[in-house]
Each structure stands twice: as structure tokens, then as C-alpha cells.
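Undergrad: Quick one, fold the following:
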Amino acid sequence: MDPKFIISQNQCLTCGHKHCAKKVSLFSNLSEEDLDQVISLVTRRRVLKGETVFTIGDPSESLYIVNRGSLKVYVLNREGREQILYFLKEGEFLGDVHLLKSGTFDYEAMALEETHLCIIHKRDFDRLILERPEIAIKLLAYAHDRILDLEELVQTLTTNDADARLASLLISLAESSGKETEEGIEVTLTISREDMGRYLGLTRETVSRKLGQFASAGILYFKDNKHLIIKDLSRLSDYDAIGRN
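TA: Okay, the predicted model is just below:
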């Protein structure tokens, strides 16, 4: 077997002990004893940039936690082009609903960089929620939030305003991973302009042009290719609001 797909049990590749479980909101309120039980369920996997985690039709019987790195989750449209559903960063997870009911994936996931995953399988999780039924309640609450996120994406994609689409994505990135600095909100981009376009239903060229327009307007600027500073979040919010009206 290719070494990069070897899954090791009870030996974390990056964080050690309870850190990966604590990153997940589903487990954030558990006691130390309960966290130890969760950790005992975890297996781990490392995937390299550009490698597929799972494809459409694969069994969906596991919770995937991004311990380090990032993933894009996407489907192919009728023209065979990617439509990105969402991006997952450190501490985020997917496959949670599939822990309640087995099935097959109707979307695919690919690593955007070298990524370390912590995985909990349904058969093991079933035993855990029998012992801790409140975890299942938290899982349902998270599923509700994920549905709202997807509804928001649909609403974003139905607007023909490219400025509003891009503003919505930048606001989401700022809220999920932005860091307050004296210059503004610093966002580290793990996604390419092309992936932004696939997520928003725009071309790469349109994304680059609109980013340039936002920069010329003084809303943001790029420190380098991977880091941008949002100087005026309220003006981005104005674009987003216009697109929703």
C-alpha cells in the first residue's frame, strides 16, 4: 500500500492526544474522560495536495476531521465542470450526518494542500452515542447549521451580481479564518482563483478582475499571493446586501 494512505491507530500524526477532538464543535463540551473515549475511536490518514479523499459512490460511513490542511468538497455539473460546495479548514469536519445513516457520497473531496485527517467510523460512533446521547443532539444542531450554509450558497449563486458573489465568499473567509490586525482582517488563502470561481460559478478571470476592482476601491489589498487584508468589511457587506435584494 502507498505509505501516504496508511492509517495508524492511537498515534496522532500532528496534534497528539485531545487536540484534534477539541477542534470539533461536536466534542467541544465533553469532559476529559469523554474526550478520551472519542480519541480511542480515531484513526488517521495523510493525503497529499491534489489527492482525492473520497469520490462519488464511495461508502459514507465516517466522520472526517481536518486536523491540519484543507479540503475542497465539490460535484461535477452537467458540463463536467466542478461546482465547489464548500471548503473545509483546520478544525472543520464533514460526514457527520452519515454517522447517523450509512449511504454513499454524492460529492467528492480533494486535498488543497498536504492534509491530515482524523477519522471516526460509524460502527464505533454508534457505540459512543449510546453512551453519550447528547452528542447525537449536537450533531443534529450542526446538521441544521450546515443546511443553512448550503441554502445561503444557493441564494448567493442565484444572483447575477458577480461583485455580490465574491463579496459573500470573502466575508465568509473573514468570519471563519480571518485574523484581526492593525491593517484590517488578514485572510490566508488556501484556495486558488480558479477554485473561487468554481465555488461562485464565475470564471477565474472574473474573480481576478473583481479582486482587482475591490483593491482599487480600497476595500482590500494583497500582502502576497496567499495573504490578503480586508480593510473595509462594511463595504463588502454592502455589496453582499445588494446582491440579496
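Undergrad: domain assignment for this structure?
TA: 6-156, 159-244 (the TED database).
Undergrad: now these as TSV including mean pLDDT and mean neighbour count?
TA: Every residue, glycine included, has its C-beta placed from N, CA and C. Formatted as TSV, the domains of the chain follow (pLDDT from 0 to 100; neighbours: other CB atoms under 10 Å):
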stretch	mean pLDDT	mean neighbour count
domain 6-156	77	16
domain 159-244	84	17
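Undergrad: roughly how far apart are residue 92 and residue 177?
TA: Using CB to CB, to the nearest Å, we find residue 92 at a distance of 10 Å from residue 177.
Undergrad: With residue 163 instead?
TA: Applying CB to CB to residue 163 and residue 177 gives a distance of 22 Å.
Undergrad: which stretches of this protein form helices?
TA: 19-22, 32-41, 122-131, 134-158, 162-177, 193-200, 204-216, 233-244 (DSSP state H).
Undergrad: Please identify which of those is closest to residue 47.
TA: helix 19-22 (15.5 Å; CB to CB).
Undergrad: Surely residue 210 and residue 168 touch.
TA: No - with contacts counted by CB atoms under 8 Å, residue 210 stays clear of residue 168, the gap being 11.9 Å.
Undergrad: beta partners for the residue most central in space within the chain?
TA: The chain has residue 88 as the residue nearest its centroid, 1.6 Å off, counting by CA atoms, centre = their mean. Taking DSSP bridges as the rule, residue 88 bridges to residue 71.
Undergrad: ok now do it, which residues does it touch?
TA: 66, 70, 71, 72, 73, 94, 109 (CB atoms under 8 Å, 6 or more residues apart in numbering).
Undergrad: now it: how far from residue 44?
TA: 16 Å.
Undergrad: about what we covered before: right, and the helices of the chain - which one's nearest residue 60?
TA: That would be, of these and by CB to CB, helix 122-131, which comes in at 8.8 Å.
Undergrad: so what secondary structure elements neighbour the closest one?
TA: For helix 122-131, the elements it packs on are helix 32-41, helix 134-158, judged by 3 or more CB pairs under 8 Å, 6 or more residues apart in numbering; DSSP states H and E.
Undergrad: Show me how far that helix is from its chain's centre.
TA: Offset of helix 122-131 from its chain centre (CA atoms, centre = their mean, to the nearest Å): 24 Å.
Undergrad: who's in contact with that helix?
TA: 37, 38, 41, 61, 62, 63, 98, 99, 102, 135, 136, 139.
Undergrad: Which two among these are spaced furthest apart?
TA: Once CB to CB is applied, those give 37 and 102 as the farthest pair, at 21.8 Å.
Undergrad: re the thing from before, reformat the contacts of helix 122-131 as JSON lines; add distance to residue 181.
TA: Shown next, in JSON lines, are the contacts of helix 122-131 (distance: CB to CB, whole Å):
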{"residue": "37", "distance to residue 181": "39"}
{"residue": "38", "distance to residue 181": "34"}
{"residue": "41", "distance to residue 181": "38"}
{"residue": "61", "distance to residue 181": "42"}
{"residue": "62", "distance to residue 181": "37"}
{"residue": "63", "distance to residue 181": "34"}
{"residue": "98", "distance to residue 181": "38"}
{"residue": "99", "distance to residue 181": "38"}
{"residue": "102", "distance to residue 181": "45"}
{"residue": "135", "distance to residue 181": "36"}
{"residue": "136", "distance to residue 181": "40"}
{"residue": "139", "distance to residue 181": "35"}
